[in-house]
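Engineer: Next comes the sequence, and after it the predicted model I'd like to discuss.
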Amino acid sequence: MSNIFVISAPSGAGKSTLINELLARDPTLVKSLSITTRPIREGEVDGFDYIFTTEAEFRNRLASGEFIEYANVHGNWYGTSRASLSQQISKGCDVLLEIDVQGAAVIRELFPESVSIFVLPPNKETLRIRLENRQTDSRDVIERRLKAASDEITRAGEYQYAIINDELYRCVGDLQAIIQAARIKVMKNSILETFGKI
Ligand code: 5GP
(Lines give C-alpha, C1' and ligand atoms only; values in the text may rest on other atoms or scores of the structure.)
Protein backbone atom coordinates (compact mmCIF):
# COMPACT_ATOMS: atom_id res chain seq x y z
CA MET A 1 0.00 0.00 0.00
CA SER A 2 1.25 3.44 -0.91
CA ASN A 3 2.01 6.24 1.48
CA ILE A 4 1.68 9.88 0.54
CA PHE A 5 4.17 12.27 2.11
CA VAL A 6 3.67 16.01 1.79
CA ILE A 7 6.61 18.29 2.46
CA SER A 8 6.29 22.06 2.60
CA ALA A 9 8.79 24.74 3.49
CA PRO A 10 9.31 28.41 2.87
CA SER A 11 11.74 28.94 -0.01
CA GLY A 12 15.28 29.08 1.29
CA ALA A 13 14.63 26.55 4.06
CA GLY A 14 16.92 24.14 2.21
CA LYS A 15 14.09 21.82 1.20
CA SER A 16 15.42 20.86 -2.25
CA THR A 17 18.85 19.74 -0.98
CA LEU A 18 17.13 17.83 1.77
CA ILE A 19 14.71 16.10 -0.59
CA ASN A 20 17.43 15.23 -3.12
CA GLU A 21 19.45 13.60 -0.35
CA LEU A 22 16.38 11.74 0.88
CA LEU A 23 15.52 10.47 -2.62
CA ALA A 24 19.12 9.35 -3.18
CA ARG A 25 18.96 7.28 0.02
CA ASP A 26 15.50 5.86 -0.58
CA PRO A 27 14.92 4.49 -4.10
CA THR A 28 11.42 3.29 -3.19
CA LEU A 29 10.27 6.86 -2.70
CA VAL A 30 9.19 8.76 -5.83
CA LYS A 31 8.67 12.47 -6.14
CA SER A 32 5.57 13.83 -7.79
CA LEU A 33 6.47 16.05 -10.74
CA SER A 34 4.63 19.36 -10.63
CA ILE A 35 3.67 21.59 -13.51
CA THR A 36 4.53 25.27 -13.21
CA THR A 37 4.45 28.57 -15.06
CA ARG A 38 7.54 29.78 -13.17
CA PRO A 39 10.48 30.61 -15.46
CA ILE A 40 13.08 27.86 -15.47
CA ARG A 41 16.15 28.55 -13.25
CA GLU A 42 19.71 27.89 -14.25
CA GLY A 43 20.57 24.26 -13.57
CA GLU A 44 16.96 23.09 -13.66
CA VAL A 45 15.82 20.50 -16.18
CA ASP A 46 12.39 20.57 -17.81
CA GLY A 47 10.63 17.27 -17.11
CA PHE A 48 12.86 16.54 -14.11
CA ASP A 49 12.56 19.45 -11.67
CA TYR A 50 9.20 20.56 -13.02
CA ILE A 51 7.21 20.47 -16.21
CA PHE A 52 7.56 24.11 -17.25
CA THR A 53 4.68 25.56 -19.18
CA THR A 54 3.02 28.81 -20.23
CA GLU A 55 0.13 30.44 -18.40
CA ALA A 56 -2.21 29.72 -21.32
CA GLU A 57 -1.29 26.02 -21.30
CA PHE A 58 -1.66 25.87 -17.51
CA ARG A 59 -5.16 27.35 -17.81
CA ASN A 60 -6.05 24.76 -20.46
CA ARG A 61 -4.87 21.94 -18.21
CA LEU A 62 -6.79 23.48 -15.29
CA ALA A 63 -9.99 23.75 -17.36
CA SER A 64 -9.71 20.10 -18.38
CA GLY A 65 -9.57 19.08 -14.70
CA GLU A 66 -5.98 17.87 -14.85
CA PHE A 67 -4.96 19.10 -11.40
CA ILE A 68 -5.76 17.36 -8.14
CA GLU A 69 -4.51 20.52 -6.45
CA TYR A 70 -3.03 23.76 -7.72
CA ALA A 71 -2.03 27.10 -6.29
CA ASN A 72 -0.53 30.43 -7.11
CA VAL A 73 2.72 30.75 -5.18
CA HIS A 74 4.81 33.94 -5.35
CA GLY A 75 2.98 34.98 -8.54
CA ASN A 76 3.45 31.71 -10.44
CA TRP A 77 1.09 28.78 -10.91
CA TYR A 78 1.93 25.29 -9.69
CA GLY A 79 -0.14 22.14 -9.95
CA THR A 80 -0.08 18.41 -9.28
CA SER A 81 -1.38 16.16 -12.05
CA ARG A 82 -4.20 13.92 -10.89
CA ALA A 83 -3.32 11.26 -13.50
CA SER A 84 0.38 10.98 -12.67
CA LEU A 85 -0.27 10.89 -8.91
CA SER A 86 -2.87 8.17 -9.37
CA GLN A 87 -0.46 6.24 -11.62
CA GLN A 88 2.28 6.39 -8.97
CA ILE A 89 -0.16 5.27 -6.28
CA SER A 90 -1.53 2.40 -8.37
CA LYS A 91 2.03 1.15 -8.90
CA GLY A 92 2.28 0.94 -5.11
CA CYS A 93 4.95 3.63 -4.85
CA ASP A 94 5.39 5.85 -1.82
CA VAL A 95 4.96 9.33 -3.21
CA LEU A 96 6.51 12.56 -2.03
CA LEU A 97 4.73 15.81 -2.83
CA GLU A 98 6.83 18.92 -2.47
CA ILE A 99 4.07 21.52 -2.46
CA ASP A 100 3.10 24.72 -0.70
CA VAL A 101 0.80 25.23 2.32
CA GLN A 102 -2.31 25.71 0.15
CA GLY A 103 -1.72 22.49 -1.80
CA ALA A 104 -0.84 20.60 1.39
CA ALA A 105 -4.21 21.54 2.93
CA VAL A 106 -6.02 20.12 -0.12
CA ILE A 107 -4.04 16.86 -0.08
CA ARG A 108 -4.62 16.42 3.67
CA GLU A 109 -8.35 16.80 3.07
CA LEU A 110 -8.39 14.37 0.13
CA PHE A 111 -6.03 11.85 1.74
CA PRO A 112 -6.49 11.95 5.54
CA GLU A 113 -3.94 9.12 5.84
CA SER A 114 -1.21 11.19 4.19
CA VAL A 115 1.74 12.29 6.31
CA SER A 116 2.59 15.98 6.27
CA ILE A 117 5.91 17.51 7.24
CA PHE A 118 6.90 21.16 7.48
CA VAL A 119 10.58 22.06 7.13
CA LEU A 120 11.65 25.14 9.07
CA PRO A 121 14.83 27.15 8.53
CA PRO A 122 16.93 27.57 11.71
CA ASN A 123 16.04 31.29 11.77
CA LYS A 124 15.01 34.20 9.56
CA GLU A 125 18.58 35.38 8.97
CA THR A 126 19.61 31.98 7.60
CA LEU A 127 16.60 32.11 5.30
CA ARG A 128 17.70 35.48 3.90
CA ILE A 129 21.30 34.33 3.44
CA ARG A 130 20.20 31.14 1.65
CA LEU A 131 17.93 33.06 -0.69
CA GLU A 132 20.68 35.58 -1.48
CA ASN A 133 23.35 32.91 -2.00
CA ARG A 134 21.16 31.09 -4.47
CA GLN A 135 21.67 34.02 -6.86
CA THR A 136 18.78 32.86 -8.97
CA ASP A 137 16.18 35.38 -7.88
CA SER A 138 16.09 39.17 -8.09
CA ARG A 139 16.08 41.33 -4.92
CA ASP A 140 12.41 41.97 -5.47
CA VAL A 141 11.63 38.28 -5.59
CA ILE A 142 13.77 37.62 -2.49
CA GLU A 143 11.89 40.26 -0.48
CA ARG A 144 8.56 38.85 -1.63
CA ARG A 145 9.64 35.31 -0.68
CA LEU A 146 10.85 36.45 2.77
CA LYS A 147 7.53 38.05 3.50
CA ALA A 148 5.68 34.97 2.26
CA ALA A 149 7.95 32.79 4.43
CA SER A 150 6.69 34.46 7.63
CA ASP A 151 3.09 33.83 6.55
CA GLU A 152 3.82 30.20 5.64
CA ILE A 153 5.61 29.51 8.94
CA THR A 154 2.50 30.54 10.86
CA ARG A 155 0.80 27.51 9.22
CA ALA A 156 3.41 24.96 10.33
CA GLY A 157 1.01 23.84 13.09
CA GLU A 158 -1.33 22.35 10.46
CA TYR A 159 1.29 19.67 9.75
CA GLN A 160 1.83 16.45 11.67
CA TYR A 161 5.58 17.04 11.86
CA ALA A 162 7.82 20.09 11.84
CA ILE A 163 11.55 19.68 11.51
CA ILE A 164 14.27 22.30 11.70
CA ASN A 165 16.79 22.18 8.87
CA ASP A 166 19.86 23.28 10.79
CA GLU A 167 22.04 20.30 9.91
CA LEU A 168 21.41 18.47 6.65
CA TYR A 169 22.24 14.89 7.63
CA ARG A 170 20.39 15.01 10.96
CA CYS A 171 17.39 16.44 9.18
CA VAL A 172 17.45 13.75 6.47
CA GLY A 173 17.60 11.23 9.31
CA ASP A 174 14.50 12.78 10.86
CA LEU A 175 12.67 12.52 7.54
CA GLN A 176 13.70 8.89 7.13
CA ALA A 177 12.44 8.14 10.64
CA ILE A 178 9.04 9.71 9.86
CA ILE A 179 8.80 7.76 6.59
CA GLN A 180 9.85 4.52 8.22
CA ALA A 181 7.29 4.99 11.00
CA ALA A 182 4.52 5.46 8.40
CA ARG A 183 5.59 2.30 6.58
CA ILE A 184 5.61 0.25 9.75
CA LYS A 185 2.15 1.55 10.61
CA VAL A 186 0.80 0.32 7.27
CA MET A 187 2.50 -3.03 7.75
CA LYS A 188 0.89 -3.35 11.17
CA ASN A 189 -2.56 -2.82 9.62
CA SER A 190 -1.98 -5.45 6.96
CA ILE A 191 -0.75 -7.92 9.61
CA LEU A 192 -4.00 -7.44 11.52
CA GLU A 193 -5.93 -8.02 8.29
CA THR A 194 -3.96 -11.17 7.54
CA PHE A 195 -4.51 -12.66 10.99
CA GLY A 196 -8.09 -11.52 11.37
CA LYS A 197 -9.18 -9.81 14.56
CA ILE A 198 -6.73 -10.59 17.30
P1 5GP B 1 10.00 26.95 -6.30
O2 5GP B 1 9.56 27.84 -7.40
O3 5GP B 1 10.95 27.65 -5.38
O4 5GP B 1 10.53 25.64 -6.81
O5 5GP B 1 8.72 26.59 -5.43
C6 5GP B 1 7.92 27.58 -4.89
C7 5GP B 1 6.83 26.98 -4.03
O8 5GP B 1 5.89 26.27 -4.83
C9 5GP B 1 7.35 25.97 -3.00
O10 5GP B 1 6.68 26.26 -1.78
C11 5GP B 1 6.91 24.65 -3.56
O12 5GP B 1 6.70 23.68 -2.54
C13 5GP B 1 5.61 25.04 -4.21
N14 5GP B 1 5.14 24.06 -5.20
C15 5GP B 1 5.87 23.36 -6.09
N16 5GP B 1 5.08 22.54 -6.81
C17 5GP B 1 3.83 22.70 -6.35
C18 5GP B 1 2.56 22.11 -6.68
O19 5GP B 1 2.42 21.26 -7.55
N20 5GP B 1 1.48 22.55 -5.98
C21 5GP B 1 1.58 23.50 -5.00
N22 5GP B 1 0.45 23.83 -4.36
N23 5GP B 1 2.74 24.07 -4.67
C24 5GP B 1 3.85 23.68 -5.33
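Structural biologist: Received it, and whenever you're ready, just let me know what you need.
Engineer: Please say whether there is contact between stretch 13-26 and the ligand.
Structural biologist: No: if you take CB under 6 Å from any ligand atom as the test, stretch 13-26 misses the ligand, and the best it gets is 7.0 Å. Every residue, glycine included, has its C-beta placed from N, CA and C.
Engineer: Equivalent analysis for stretch 64-72, please.
Structural biologist: Yes: Stretch 64-72 reaches the ligand (CB under 6 Å from any ligand atom) through 69, 71.
Engineer: Name the residues linked to residue 164 by a beta bridge.
Structural biologist: In this entry, residue 164 is beta-bridged to residue 120, by DSSP bridges.
Engineer: Output the lowest mean pLDDT helix or strand found in the protein.
Structural biologist: helix 124-134 (a mean of 84; mean pLDDT, DSSP states H and E).
Engineer: which strands and helices sit next to the lengthiest helix in the chain?
Structural biologist: For the chain, the longest helix by residue count, based on DSSP state H, is helix 168-195. Here helix 168-195 touches strand 4-8, helix 15-25, strand 115-120, strand 161-164, going by 3 or more CB pairs under 8 Å, 6 or more residues apart in numbering; DSSP states H and E.
Engineer: Looking at those, which is nearest to residue 97?
Structural biologist: strand 4-8 (4.9 Å; CB to CB).
Engineer: Could you list the contact residues of this protein toward the ligand?
Structural biologist: Near the ligand, when you scan the chain using CB under 6 Å from any ligand atom, you find 8, 11, 34, 38, 69, 71, 73, 78-80, 98-100, 102-103.
Engineer: and the residue in the chain that the ligand sits nearest to, what does it touch?
Structural biologist: Closest to the ligand within the chain is residue 103: 2.5 Å, counting by CB to the nearest ligand atom. Each residue near residue 103 by CB atoms under 8 Å, 6 or more residues apart in numbering is listed here: 6, 8, 69, 70, 71, 78, 80, 97.
Engineer: didn't residue 110 look like it was pressed against residue 68?
Structural biologist: Yes: with contact defined as CB atoms under 8 Å, residue 110 reaches residue 68; the gap is 7.0 Å.
Engineer: In the helix or strand where the residue of the chain closest to the ligand lies, which residues are buried?
Structural biologist: Element membership for residue 103 (DSSP states H and E) is helix 101-110. The neighbour-count check on helix 101-110 (16 or more other CB atoms under 10 Å) flags 101, 102, 103, 104, 105, 106, 107, 108 as buried.
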